[in-house]
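Q: A predicted structure for the sequence below; I have some questions about it.
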Amino acid sequence: MASYFLDTSALAKLYVREPGSELMVGLATSGEGHALAILSISPVELRSALRRRQRGGDISDDEAAAIVERFTRHFESRYERVSVTDPLVETASALVDRHALRAYDALQLGGCLDWKRSGATDPVFVCSDKSLLAAATAEGLATLDPAANKKVR
């Protein structure tokens, strides 16, 4: 069993078909009981990405509604949730000082680091954003880019 922290770019691959979806579905359904964690604000980011695709015509209204419903069920049962707390905000602020990260990206990475500090065993930070992956590697985390199928220690 491994521990994976899913940035929203990786989480989306479980619900919308795109490069890396097969790998993500394999992780989530492998039967090995992997721990999958997400930040408590991930539903907002996921829904934002989903609605952009819907408005752009990439997915239908019915598909969007089905994805929201499926994710809502999974959010309650499938994922460990890392809450956004004052200490996490401090961690994210320090990450912004060390790396060229957007605010939500710093919160995502900080969430993984906090999850590790709270006892997650060697979590792998899963993401498809190159600069965020580089920051995670610099912070000592193993990373996985599902779109590239590339794990880095």
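A: Now that the structure is in, tell me what you want to look at. Numbering: from 1, shown residues only.
Q: Look up the closest residue to L113, ignoring the ones flanking it.
A: T91 (5.9 Å; C-beta to C-beta, 6 or more residues apart in numbering). Every residue, glycine included, has its C-beta placed from N, CA and C.
Q: What count of nearby residues applies to the one you found?
A: By other C-beta atoms under 10 Å, the residues close to T91 number 21.
Q: separation between it and S118?
A: 12 Å (C-beta to C-beta, to the nearest Å).
Q: cool, F125 as well?
A: Taking C-beta to C-beta, one finds F125 at 15 Å from S118.
Q: sec struct for I38, please.
A: strand (DSSP: H, G, I helix; E, B strand; the rest coil).
Q: Just the pLDDT for it.
A: According to the prediction, I38 has pLDDT 98.
Q: Name whatever forms a beta bridge with it.
A: With DSSP bridges as the criterion, I38 is bridged to R81.
Q: and it, what does it touch?
A: I38 is in contact with 5-6, 8, 11, 75, 79-82, 111, counting by C-beta atoms under 8 Å, 6 or more residues apart in numbering.
Q: Please tabulate the residues you listed in a markdown table, including the columns pLDDT, distance to D62 and neighbour count.
A: A markdown table is the format used below for those (pLDDT from 0 to 100; distance: C-beta to C-beta, whole Å; neighbours: other C-beta atoms under 10 Å):
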| residue | pLDDT | distance to D62 | neighbour count |
| --- | --- | --- | --- |
| F5 | 98 | 31 | 30 |
| L6 | 98 | 25 | 28 |
| T8 | 95 | 23 | 24 |
| L11 | 96 | 21 | 27 |
| F75 | 92 | 20 | 16 |
| Y79 | 95 | 24 | 19 |
| E80 | 95 | 30 | 14 |
| R81 | 96 | 28 | 16 |
| V82 | 97 | 32 | 24 |
| G111 | 98 | 32 | 29 |
